[in-house]
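Asks: Give me the fold of what follows.
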Amino acid sequence: MKRREFIKKAGAAGIAATAGAVVNAPFVHASKKTTIRWRLQTYAGPALAEHVIKPQIEAFNKIADNEMVIELYNADQLVPTGELFRAMQRGTIDAVQSDDDSIAAPVDVAVFAAYFPFASRYALDVPTLFNHYGLKEIWEEAYSEVKGVTWLSAGAWDPCNFATKEPINSVADLKGKRVFTFPTGGRFLQRFGVVPVTLPWEDVEVALQTGELDGIAWSGITEDYTVGWANVTNYYLTNNISGAWAGSYFANSDKWDALPDRLKTLFRMSMDSSHYYRLHWYWWGEAHYRTKGGKLKLTSIPESEWKIVEDEAIKFWDEIATQSPRSAKVVSILKDYVETMKLAGPPYRS
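Replies: Next comes the predicted model:
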């Protein structure tokens, strides 16, 4: 009897264990999380992306530990740069690193992105303006009025200088030069006879070699050497029209809103890390390549003559201010900032 009772109990336990396994199996399967996948396209070509975004994305993917994976694509790899905003709205791509101006963002503040002439003198001016002078809140307001895209963060890149085939020693030398540059920067430079040329990023080097371009006003000297443009130009003008490129990160709103807060925080931290890296990489590079680059001969326009360009920029600002009340507010902030820097004196302004 004892043996039969043992067999019955063992059998019942086995059936219960088997039943438990059957019941629990679907739960175990359902608990497996699907990896979130994003496609992010940068404005930068491969050599430049190695510095301006790739380390950030690699670090993010490592820490996210397969909960989320961001696939990085370079300039024009999936979508032409000028179509990035619309592609992000449609969900063709999930996120973008670029400037508002180049991706044709349909907001009035887009004109102030990239190289808005003389809006900054140093890279630190950009995060200071966004985080302490109210530009962050203005950008958030502007993008809240556009469906489908969320603006995430702005940071500073390099200054905007000319690298050319022929030397530029005066403002008059700019006349007739066919130059690859950004939309608003090109619009301003037309006042001095510059002919802005729009090309896919990867075609610029060949266009310089064939003579389709006379030069570029797209970067500082760090990028000229990094991406190979120093190999196909001869001169570098030390006067710049802006001290730092203002770029941003954007995301498809539905994809961003769907992320858990932990991943949103991680992505924001990775953006900050990228912003920090660029501050010191460009600061190092602009001095290093001017003094040790060895390929480009430096030229300069006397400050007294370059003031013509600086004064014209203020007129340009006033024209932009008439486009909308928000544009007027940004211009007012820029003027206040410049005045504050002048009053503060060195090292802010001389």
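Asks: SS state for residue 270?
Replies: Look at residue 270: counting by DSSP: H, G, I helix; E, B strand; the rest coil, its state is helix.
Asks: isn't it right next to residue 56, touching?
Replies: Yes - with contact defined as Cβ atoms under 8 Å, residue 270 reaches residue 56; the gap is 4.8 Å. For every residue, glycine as well, the C-beta is placed using N, CA and C.
Asks: what's the helix or strand for residue 239?
Replies: strand 235-242 (DSSP states H and E).
Asks: Contacts for the next helix or strand after that strand, please.
Replies: Downstream of strand 235-242, the first helix or strand assigned by DSSP H and E is strand 246-252. For strand 246-252, the surrounding residues in contact (Cβ atoms under 8 Å, 6 or more residues apart in numbering) are 43, 85, 88-89, 91, 93-100, 103, 105, 112-116, 119-120, 126, 139, 143, 148-157, 271.
Asks: Check stretch 124-134 too.
Replies: So stretch 124-134 is contacted by 119-120, 135-136, 139, 154-156, 243-244, 246, 275, 279, 333-334, 336-337, 341 (Cβ under 8 Å, 6+ apart).
Asks: Narrow those residues to those that are buried.
Replies: Among these, those classed as buried by 16 or more other Cβ atoms under 10 Å are 119-120, 135-136, 139, 154-156, 243-244, 246, 275, 279, 333-334, 337, 341.
Asks: I'd like to know which of these are part of helices.
Replies: With DSSP state H as the criterion, helices contain 135-136, 139, 275, 279, 333-334, 337, 341 from among the buried ones among the contacts of stretch 124-134.
Asks: for those, which one is nearest residue 164?
Replies: Residue 164 lies nearest to residue 279 out of those, by Cβ to Cβ, at 27.1 Å.
Asks: Distance of the closest one relative to residue 272?
Replies: With distances taken as Cβ to Cβ, to the nearest Å, residue 279 is found 11 Å from residue 272.
Asks: rewinding a little: can you list the buried residues in the strand holding residue 239?
Replies: Residues 235-237, 239-242 are the ones in strand 235-242 that count as buried (16+ other Cβ under 10 Å).
Asks: and that strand, what other elements does it pack with?
Replies: In terms of contacts (3 or more Cβ pairs under 8 Å, 6 or more residues apart in numbering; DSSP states H and E), strand 235-242 is packed against strand 160-164, helix 183-189, strand 297-299, helix 303-321.
Asks: Adjacent strands (with direction) for that strand?
Replies: Here strand 235-242 has these sheet partners by DSSP bridges: strand 160-164 (antiparallel), strand 297-299 (parallel).
Asks: Can you add distance to residue 229 and give those back as TSV?
Replies: What follows is those, written out as TSV (distance: least, Cβ to Cβ, whole Å):
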stretch	distance to residue 229
strand 160-164	6
strand 297-299	14
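Asks: Out of the buried residues of strand 235-242, name the two that are farthest from one another.
Replies: Farthest-apart pair in these is 235 and 242; separation 19.2 Å (Cβ to Cβ).
Asks: follow-up on the earlier one: include distance to residue 37, mean pLDDT and mean neighbour count when you put the strands paired with strand 235-242 into a markdown table, please.
Replies: Formatted as a markdown table, those follow (distance: least, Cβ to Cβ, whole Å; pLDDT from 0 to 100; neighbours: other Cβ atoms under 10 Å):
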| stretch | distance to residue 37 | mean pLDDT | mean neighbour count |
| --- | --- | --- | --- |
| strand 160-164 | 35 | 98 | 26 |
| strand 297-299 | 46 | 98 | 14 |
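Asks: can you tell which of those is closest to residue 79?
Replies: The nearest among the strands paired with strand 235-242, by Cβ to Cβ, is strand 160-164 at 24.5 Å.
Asks: Show me the contact partners of that closest one.
Replies: So strand 160-164 is contacted by 115, 168, 174, 177, 179, 181-182, 185, 214-221, 224, 229-230, 233-242, 245, 296 (Cβ under 8 Å, 6+ apart).
Asks: do stretch 322-338 as well
Replies: Here stretch 322-338 makes contact (Cβ under 8 Å, 6+ apart) with 108-109, 111-112, 119, 125, 128-129, 133-135, 138, 141-142, 317-318, 320-321, 349.
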